[in-house]
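below are the sequence and a predicted model; questions follow.
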Amino acid sequence: MAGSLTEIMNIRGPQGFNAAITEAANRESITQAEFARRAILERIERAGVTPPVLKPAKKEG
């Protein structure tokens, strides 16, 4: 996912939470962070909230 990712969030989960995220991300060939972002954005939309729009990355040069 290209673009400007500027906010950092830490979360806690039950034992095995990180392992489950790792396995799910690997199955989709994406990073754990990208899997978590997508999952959270999907849940935000289901809650009826408009998710933030990722700004495109600036081209250097």
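Noted; the coordinates are in hand. Being a predicted model, the structure only gives us computed values, none of them experimental. Numbers count the residues shown, from 1 in each chain.

does the closest residue in space to Ile30 that isn't next to it in sequence count as helix, strand or coil?
The shortest distance from Ile30 to any residue other than its chain neighbours is 7.7 Å, reached at Arg38 (Cβ to Cβ, 6 or more residues apart in numbering). Yep, even glycine has a C-beta here, placed from its N, CA and C like the rest. Following DSSP: H, G, I helix; E, B strand; the rest coil, we place Arg38 in the helix state.

burial measure for Arg38, as a count.
As a burial measure, Arg38 scores 14 neighbours (other Cβ atoms under 10 Å).

now do Asn18
With other Cβ under 10 Å as criterion, Asn18 counts 11.

once you drop chain neighbours, what's closest to it?
Gln32 (7.7 Å).

count the neighbours of that neighbour for me.
14.

doesn't Glu23 make contact with it?
No. The criterion here is Cβ atoms under 8 Å, and Gln32 misses it with Glu23 at 9.8 Å.

any idea how far Arg43 is from Ala33?
Distance of Ala33 to Arg43, computed by Cβ to Cβ, to the nearest Å: 16 Å.

just the pLDDT for the residue nearest the centre of the chain.
In the chain, the centroid-proximal residue (Cα atoms, centre = their mean) is Arg37; its distance is 1.2 Å. Listed pLDDT for Arg37 reads 93.

would you mind measuring from it to Ile8?
Arg37 is 12 Å from Ile8, by Cβ to Cβ.
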